[in-house]
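Trainee: Pasting the sequence and the predicted model now:
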Amino acid sequence: MNNPVHIDSNYEFFCLIVNFGTGSRVMKIARNNGISGATILLAKGTVNSRLLEILDITDIRKEVVLMISERKQAYDVLKTLNKELALQKPHHGIAFSASVAGLMGMRKINFDKHNERGAGNTMYSAIFVIVDRGKAEEVVDAAKAAGARGATIMNARGSGIHETQLLFNMEIEPEKEIVLILAQKDIVEPIAASIREKMKLDEPGNGILFLLDVNKTYGIR
Amino acid sequence: MNILIEKLKEVLFSILPITLIVVILHFTIVPLETPVFLRFLVGAFLIIIGLSIFLFGVDIGISPIGSLMGSTIVKSNKFRVIVGGGLTLGFFISIAEPDLHILADQVAFVTSGTISKMSLVVVVSVGIAVLLTAGFLRIVYNKALNRTFTILYLLIFILALFSSQEFLAIAFDASGATTGAMTVPFVLALALGISSMKKNGRQSEEDSFGLVGIISAGAILAVLIMGILSGQDKLTGSLDYSITQSASILAPFFHALPHITWEVFLALFPIFLLFLIFQKISFHQTRKAFFRICKGLVYTFVGLILFLTGVNAGFMDVGSLVGYRLASTGNNWLVVLVGFLLGFVTILAEPAVHVLTHQIEDVTSGYVKRKAVLFALSIGVGAAVALSIVRILIPEIKLWHYLLPGYIISLALSYRVPNLFVGMAFDSGGVASGPMTATFILAFAQGAAEYTEHANVLIDGFGVIAMVAMTPLIALQILGLIFQIKSRKEGVKAHE
């Protein structure tokens, strides 16, 4: 990490969906450009082809790469990634980004309570927690104790600044779990605090938590 | 069209190495007759097409059925459903496995009928059924995998003390035979279906593997018990051993086709039938999903027929010819070296290896890379074949000289490496001994044994599979050890 991080800086969450096998490359490019860590999920995509649909061979393996960084840096990295991966060409992948409303677990960044955001009228926030494989259960317990109604756990792999090891020529990316919790604005803070306390997010290497403002939700009561 | 090309590339990458090595051997040390060589090339082509179609079929047919059945059985939350389901599934998938029938035929022959074919098939199937149920129960009751394997192999060891050399070899081969191209993907999916319901992510991942390893042990136990009870300890007779002399290039393929079609049909039918029954009782899949799975089964059927036809008509003769002629050059080290190379590349072409490595990638979200697993497997199987050839050349070395230390090392390692790798390793043992090894490598070893005077084609032929099933256990667990050491979080303390 070359860039010093400021508490009141704006953070950007960004996400790339690329073909299977490209995820590690994305992570590598991003890290070379100063991003401190990334998390990769395996996913399935769809194809648009009449023949393949008739044959019912429609699952194509994709990788989803999640990253967070300071806004300006994020835009730079996205630009670099766009250039290196030639995202403008068809079938090369897509990328998008969103503003982060709160962040924990990354280099002493604290959840800024007085953060007035543009879309202040949203009712819900999405809490993302990225922890080592096997710890998601504790996160969910902590969230439920603080009033969360439910949570979704996704398997992923990824690495932060503390963990990159080479195995022969292969980079190892340790296994992670991502917990996604949607909660009302007024209970988001207690939930985040509860998780932060239980998972000891303030100590390095224990996971990160970030919040995204959600503009619309369906199916949540 | 992206997907098709991708899959074809993956399959090409796995079939080309073995093809290249044979082509190189053909032009250097062991020239083959033209029809045999051309048949080999036609076989390689069929294998590439067949394997690609088969893998699609497994993805959308066999795997969904397996994981649906696994989760449905466990969701019932009733002890008797798990036991009943385990016994039924285990028995039916094993009794239909073509490889098991071939093995049983051979055994019936060499024991001069004391052990009839049907009795062996039924006994092994019962063994598989019981152990599959035990494997289910292990997952739902959270019993540790390494302890389970220790108990199973201790039992095998005790029984082995009372068994003859030959029977030991047959027993270990039986375990290879029952874990064929169809059974492995299905059982892997069953384990995935059950373990994916576990709340704890770490445990759910670990328990996705190990079931194939457990049922392999079931076959060994069943045959050993049977051997002891029947009191048969000396094998007589020898196997018919002939090379297709046909000068025609395509005739052997058409000759093999109907027979293989029937075998694949037999292997697939029970799975299809069970699927229909489950669909009626508890799956209630939508029409679309139902037809998709049916299509998957058709792909599996067609793909496996093409694959097996290519292997049997194109590869088998080449295997034994190469083995025989290499041995006749009198250069023993060369035979061992080529054996290692052939083992190294053959395993890549094994259908179940593709299924296992993909499942490993999916379950660990790409943490354990396919290539790393393939590399470890290749080294393991290469070593197995090389060691087997050494055993054929030097009569003083007995099979158990390899197996006993091998399994002791494997079991000891299983207490050191992460549980995930224990399951993967014991599964890969069953996976490695699939149709490709059972024909090509076995033929190679038998060819070499045929030339070597003191070697018995039959006895030395049996046991090669046992080795191929054993070495991956060590290779993959060592890989796990390396992963464990390398991926420790470093630098965290420095930041505090």
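Mentor: Nice, thanks for sending it over.

Trainee: Okay, and the residue of chain B found nearest chain A sits in which element?
Mentor: When scored by Cβ to the nearest Cβ, chain B has residue B:202 as its residue closest to chain A, at 3.1 Å. Every C-beta, even on glycine, is put in place using the N, C-alpha and C of the backbone. Using DSSP states H and E, the element containing residue B:202 is helix B:201-206.

Trainee: Please compute how far whatever helix or strand comes next after that helix lies from its chain's middle.
Mentor: Downstream of helix B:201-206, the first helix or strand assigned by DSSP H and E is helix B:211-230. Distance of helix B:211-230 from the chain centroid (Cα atoms, centre = their mean, to the nearest Å) equals 15 Å.

Trainee: now for helix B:211-230, which elements pack on it?
Mentor: Judged by 3 or more Cβ pairs under 8 Å, 6 or more residues apart in numbering or on different chains; DSSP states H and E, helix B:211-230 is in contact with helix B:79-95, helix B:117-140, helix B:145-161, helix B:165-178, helix B:183-195, helix B:419-432.

Trainee: ok, 6 Å please
Mentor: helix B:117-140, helix B:145-161, helix B:165-178, helix B:183-195, helix B:419-432 (3 or more Cβ pairs under 6 Å, 6 or more residues apart in numbering or on different chains; DSSP states H and E).

Trainee: Which SSE is immediately downstream of it?
Mentor: Taking DSSP H and E, what comes next after helix B:211-230 is helix B:251-278.

Trainee: Next, the buried residues of that next one.
Mentor: Neighbour counts over helix B:251-278 (16 or more other Cβ atoms under 10 Å in any protein chain shown) mark B:252-253, B:256-257, B:260-261, B:263-264, B:267-268, B:270-272, B:274-275, B:278 as buried.

Trainee: pLDDT wise, what is residue 180 at?
Mentor: You didn't pick a chain, so chain A it is. We have a pLDDT of 88 for residue A:180.

Trainee: ah, no, chain B please
Mentor: Confidence score, pLDDT, at residue B:180: 78.

Trainee: Give the full set of residues in contact with it.
Mentor: Shown in contact with residue B:180 (Cβ atoms under 6 Å, 6 or more residues apart in numbering or on different chains): B:97, B:99.

Trainee: How about the secondary structure of it?
Mentor: State at residue B:180, reduced to three classes by DSSP: H, G, I helix; E, B strand; the rest coil: coil.

Trainee: before we move on, what about residue A:177?
Mentor: Going by three-state DSSP: residue A:177 is strand.

Trainee: Count the residues that sit near it.
Mentor: 25 (other Cβ atoms under 10 Å in any protein chain shown).

Trainee: Skipping its backbone neighbours, what lies nearest the residue most central in space within chain A in space?
Mentor: When Cα atoms, centre = their mean is applied to chain A, the residue found nearest the centroid is residue A:66 (3.9 Å). Nearest-residue entry for residue A:66: residue A:39, 4.8 Å, with adjacent residues in sequence omitted and distances by Cβ to Cβ, 6 or more residues apart in numbering or on different chains.

Trainee: how much space between that neighbour and residue A:11?
Mentor: Relative to residue A:11, residue A:39 is positioned 15 Å away (Cβ to Cβ, to the nearest Å).

Trainee: Next, give phi and psi for residue A:17.
Mentor: Recorded main-chain torsions at residue A:17 are phi -120, psi 120, according to degrees, to the nearest 10.
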